[in-house]
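A.B. asks: got a predicted model here, sequence first, then my questions.
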Amino acid sequence: GAGVSQSPRYKVAKRGQDVALRCDPISGHVSLFWYQQALGQGPEFLTYFQNEAQLDKSGLPSDRFFAERPEGSVSTLKIQRTQQEDSAVYLCASSLALGANTEAFFGQGTRLTVV
Amino acid sequence: RKEVEQDPGPFNVPEGATVAFNCTYSNSASQSFFWYRQDCRKEPKLLMSVYSSGNEDGRFTAQLNRASQYISLLIRDSKLSDSATYLCVVRNFNKFYFGSGTKLNVKP
């Protein structure tokens, strides 16, 4: 497909379990973003990659959250020792190199439920 | 203070109505502005970019007031299919900042 692909679509984790969420951006897109969206809220920024370089991780809520994009394409968001407050939809977005009015394209998200 | 503020609504309007959403942003250095649409349990999708001179796309008109740091979206002749949450989005360097969204319900 031509869009941003995320997997799994749904994940139920027991509290304390580690999870890994995958994002396949649109081919050729340099920029990749991870967002967290709680119910009834807008997406909140987590982290940003330009190719393989993680240029901004200021939005990661704790050191239990880790993201990587080792070859500048696929990215993984890992959450260690999940807590109930981590339950949310995790959205990945990609865009061409940032320029005036460059839009971000979103994947369908991974809905994480921590029980 | 949040980077982008929106009235959460909901706005309940009849088909054919004209409805306007507003949004304010806090960082005067923000570079690009967008309206995204998000359907229930779906990902956000770009509705339109917002340009300084204002721009129109069919029934949708977007305006930007940089002096007041204010963005608006006007929807004319509302359709049932316009029911969704509308997200105001501001880009500042390498981050897209989202408002909480304004929910629109168009009723028959």
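C.D. replies: All right, it came through fine. Just so it is clear, the structure is predicted and the values come from calculations on it, not from any experiment. Numbers count the residues shown, from 1 in each chain, chains lettered A, B, ... in the order given.

A.B. asks: from here on, contacts and neighbour counts on C-alpha atoms
C.D. replies: OK.

A.B. asks: give me the nearest residue to the residue of chain A found nearest chain B, chain neighbours excluded.
C.D. replies: Residue nearest to chain B within chain A: A:Gly42 (4.0 Å; C-alpha to the nearest C-alpha). Spatially, and ignoring its direct neighbours in sequence, A:Gly42 is nearest to B:Ser100 (4.0 Å; C-alpha to C-alpha, 6 or more residues apart in numbering or on different chains).

A.B. asks: what sits against that neighbour?
C.D. replies: A:Gly40, A:Gln41, A:Gly42, A:Pro43, B:Val4, B:Glu5, B:Gln6, B:Pro8, B:Leu87, B:Cys88 (C-alpha atoms under 8 Å, 6 or more residues apart in numbering or on different chains).

A.B. asks: and the last one, what are its bridge partners?
C.D. replies: Taking DSSP bridges as the rule, B:Cys88 bridges to B:Trp35.

A.B. asks: any chance of the contacts of B:Ser100 in a markdown table, with distance to B:Gln63 too?
C.D. replies: What follows is these, written out as a markdown table (distance: C-alpha to C-alpha, whole Å):
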| residue | distance to B:Gln63 |
| --- | --- |
| A:Gly40 | 25 |
| A:Gln41 | 23 |
| A:Gly42 | 21 |
| A:Pro43 | 23 |
| B:Val4 | 16 |
| B:Glu5 | 16 |
| B:Gln6 | 15 |
| B:Pro8 | 19 |
| B:Leu87 | 15 |
| B:Cys88 | 12 |
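
A.B. asks: any chance of the residues you listed in a markdown table, plus pLDDT, distance to B:Ser68 and neighbour count?
C.D. replies: Shown next, in a markdown table, are the contacts of B:Ser100 (pLDDT from 0 to 100; distance: C-alpha to C-alpha, whole Å; neighbours: other C-alpha atoms under 10 Å in any protein chain shown):
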| residue | pLDDT | distance to B:Ser68 | neighbour count |
| --- | --- | --- | --- |
| A:Gly40 | 86 | 27 | 12 |
| A:Gln41 | 89 | 24 | 15 |
| A:Gly42 | 91 | 22 | 24 |
| A:Pro43 | 92 | 24 | 26 |
| B:Val4 | 95 | 13 | 22 |
| B:Glu5 | 95 | 13 | 20 |
| B:Gln6 | 94 | 15 | 20 |
| B:Pro8 | 88 | 20 | 18 |
| B:Leu87 | 96 | 19 | 31 |
| B:Cys88 | 96 | 15 | 29 |
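
A.B. asks: which strands and helices sit next to the lowest-mean-pLDDT helix or strand in chain B?
C.D. replies: Every helix and strand of chain B was ranked by mean pLDDT, DSSP states H and E. The lowest is strand B:95-98, at a mean of 90. Packing contacts for strand B:95-98, counted by 3 or more C-alpha pairs under 8 Å, 6 or more residues apart in numbering or on different chains; DSSP states H and E, involve strand A:44-50, strand B:84-92.
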